[in-house]
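Undergrad: Here is my input; please provide its structure:
(2 chains)
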There are 2 protein chains.
Amino acid sequence: MKILITSGGTAESIDQVREITNQATGRLGQVMAEIFLAAGHEVTFVTTKHALKPPEHDRLTTLLVSNVASLLEALEQQVPTHDAVIHAMAVSDYSPIYMTDFDTVANSDDLTEFLHAQNSETKISSNANYQVLFLKKTPKLISMIKKWNPETILIGFKLLVDVDKSELFSVARNSLLKNQADLIVANDLTEISGDRHIAYLVDHESEQRATTKQEISLQLLNYLERKEHQS
Amino acid sequence: MKILITSGGTAESIDQVREITNQATGRLGQVMAEIFLAAGHEVTFVTTKHALKPPEHDRLTTLLVSNVASLLEALEQQVPTHDAVIHAMAVSDYSPIYMTDFDTVANSDDLTEFLHAQNSETKISSNANYQVLFLKKTPKLISMIKKWNPETILIGFKLLVDVDKSELFSVARNSLLKNQADLIVANDLTEISGDRHIAYLVDHESEQRATTKQEISLQLLNYLERKEHQS
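TA: Model prediction:
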């Protein structure tokens, strides 16, 4: 199969120096790629400069992106030619619009002006005691994947923090429906540390538990190979 | 000499998943540490988990910090016992206070309420189309160093983006005065790429130009050894 994996985390710039990131290392994506390659599949690995990457391989293509905009561009091009998309990248959900000092905001009659403003400074000044940053929601790339390729098998990820299982599964099933995903890998940040990585492969009927990144990868491999056999 | 180098960049958390970082890699600090060690000095290297580090060495101690608060704690302990402090770390100048959706902010009668608010969610929800993040200035650690140790030689850094030389030097001299620094290494992001790294060692009278990280490090070594000889 030809499998597209997104891995690592995007960053959104506030200015030329500061950015908003998340703490994704890309370790799970790296393990998945190695296991899929070893099983004979072709892997396209979309990741960021500083994330962990699998070693070079004949059947591996690595593509670098930085933010949501460049990820969108890469996926729009790549998704149509892949049998499966495993969207494990931690995608920034908000992107900075404008940053200014608190007094300017407090003295404004209409805060919507800041939703259309743009910083002209290359590095925003750091004199004010308080600053206010306005952010806008980024496009939900996962919801576009089946539009770009209705035939592809779509596996999404959902990371929550310190919630109970029923909430985790319900959020995952909501994502299955909303994004026409085939499977959501649901995990909780409080259950990830070093090699231990508790995750649940959630579809409409069941949840399959895995406890390490290797186990998650092997279960996904098994799922994809069964799906391919069915179709 | 016993030299303290800070290197890399701090990160400030928005919640347990998102953080504000800067793009410092720690490469200059790594080169400085290697050159100072090779010249026979003792180096304490204060850096972050993901920044570049010098290889292990008998006369090297590496200390890890994450944000401004943990950096402050480390410096307060270490500065009193060092002959020189080279503060090359890119320190976050603002730290998140509170993040909420735009409508909540637009409907508030008194925005100062958000300067005292605190997010209780571990991962802030991503439903609203627009969000607003309130930030407060972090303590200026460089201004505390001579208070903790009036005898230490203090070398600070100033990074600006796309300014002319006269502004760069004037900002650097302002920092010399304000922080009782002995020398400021002034550089412009547009003049740093790969091995090329234009920087100016600015004191009250002169500016000495360097063009690579190696050259910056050797000029600083020379400066420190002359200073030590004078005292």
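Undergrad: Hmm, A:His204 is touching A:Arg173, no?
TA: Yes - judged on C-beta atoms under 8 Å, A:His204 makes contact with A:Arg173 at a distance of 6.9 Å. Bear in mind the C-beta positions are built from the backbone N, C-alpha and C, glycine included.
Undergrad: neighbours around A:Leu71, how many?
TA: Using other C-beta atoms under 10 Å in any protein chain shown, A:Leu71 has 24 neighbouring residues.
Undergrad: Can you give me the pLDDT of it?
TA: Per-residue pLDDT puts A:Leu71 at 98.
Undergrad: now swap in A:Thr122 and tell me
TA: pLDDT, A:Thr122: 69.
Undergrad: so where do the helices sit in chain A?
TA: A:27-38, A:68-78, A:102-106, A:145-148, A:165-178, A:213-230 (DSSP state H).
Undergrad: Between A:His204 and A:Arg173, tell me which one has more neighbours.
TA: Counted by other C-beta under 10 Å, A:His204 and A:Arg173 do not tie: A:Arg173 has more neighbours, with 19 against 9.
Undergrad: picking that back up, tabulate the helices of chain A in JSON lines, adding columns for distance to chain B.
TA: Listed next are these as JSON lines, based on distance: least, C-beta to the nearest C-beta, whole Å:
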{"stretch": "helix A:27-38", "distance to chain B": "13"}
{"stretch": "helix A:68-78", "distance to chain B": "13"}
{"stretch": "helix A:102-106", "distance to chain B": "5"}
{"stretch": "helix A:145-148", "distance to chain B": "18"}
{"stretch": "helix A:165-178", "distance to chain B": "11"}
{"stretch": "helix A:213-230", "distance to chain B": "18"}
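Undergrad: Out of those helices, which one sits most buried?
TA: The highest mean neighbour count among these, using mean count of other C-beta atoms under 10 Å in any protein chain shown, belongs to helix A:27-38: a mean of 22.
Undergrad: That one packs against which elements?
TA: Helix A:27-38 sits against strand A:2-6, strand A:42-47, helix A:213-230, with contacts defined as 3 or more C-beta pairs under 8 Å, 6 or more residues apart in numbering or on different chains; DSSP states H and E.
Undergrad: how about that helix as PDB, C-alpha atoms only?
TA: What follows is helix A:27-38, C-alpha atoms only, in PDB (Å, rounded to 0.1, in the frame of the first residue of the first chain):
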ATOM      1  CA  ARG A  27       8.300   9.800  17.800                       C
ATOM      2  CA  LEU A  28       5.100   7.900  17.200                       C
ATOM      3  CA  GLY A  29       5.200   8.800  13.500                       C
ATOM      4  CA  GLN A  30       8.800   7.700  13.200                       C
ATOM      5  CA  VAL A  31       8.000   4.300  14.800                       C
ATOM      6  CA  MET A  32       4.900   3.800  12.400                       C
ATOM      7  CA  ALA A  33       7.000   4.700   9.300                       C
ATOM      8  CA  GLU A  34       9.700   2.200  10.300                       C
ATOM      9  CA  ILE A  35       7.200  -0.600  10.900                       C
ATOM     10  CA  PHE A  36       5.200   0.000   7.700                       C
ATOM     11  CA  LEU A  37       8.400   0.100   5.600                       C
ATOM     12  CA  ALA A  38       9.600  -3.100   7.200                       C
END
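Undergrad: roughly how far is that helix from the heart of the chain?
TA: Distance of helix A:27-38 from the chain centroid (C-alpha atoms, centre = their mean, to the nearest Å) equals 16 Å.
Undergrad: Could you provide the helices and strands packed on helix A:27-38 in TSV, with additional columns for mean pLDDT and distance to B:Lys146?
TA: Output for those, formatted as TSV (pLDDT from 0 to 100; distance: least, C-beta to C-beta, whole Å):
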stretch	mean pLDDT	distance to B:Lys146
strand A:2-6	98	48
strand A:42-47	98	44
helix A:213-230	95	48
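Undergrad: Any chance of the ones you listed in CSV with distance to B:Gly29 as columns?
TA: Below are the helices and strands packed on helix A:27-38 laid out as CSV (distance: least, C-beta to C-beta, whole Å):
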stretch, distance to B:Gly29
strand A:2-6, 32
strand A:42-47, 26
helix A:213-230, 31
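Undergrad: so what are the domain limits for chain A?
TA: What automatic domain parsing lists as the domains of chain A is A:2-93+A:139-230, A:94-137.
Undergrad: mind checking which of those is nearest B:His50?
TA: Proximity to B:His50, assessed across the domains of chain A by C-beta to C-beta, is greatest for domain A:2-93+A:139-230 (7.2 Å).
Undergrad: End to end on the closest one, go ahead and measure it.
TA: Distance across domain A:2-93+A:139-230, first residue to last, is 16 Å (C-alpha to C-alpha, to the nearest Å).
Undergrad: Please apply the same query to stretch A:140-157.
TA: End-to-end distance of stretch A:140-157 (C-alpha to C-alpha): 13 Å.
Undergrad: Can you point out the buried residues in that stretch?
TA: Buried residues in stretch A:140-157, counted by 16 or more other C-beta atoms under 10 Å in any protein chain shown: A:141-142, A:145-146, A:148-149, A:152-157.
Undergrad: for the lowest-mean-pLDDT helix or strand in chain A, packing partners?
TA: Counting by mean pLDDT, DSSP states H and E, the weakest-scoring helix or strand in chain A turns out to be strand A:18-22, with a mean of 91. Applying 3+ C-beta pairs under 8 Å, 6+ apart, one finds that strand A:18-22 contacts strand A:12-13, strand B:18-22.
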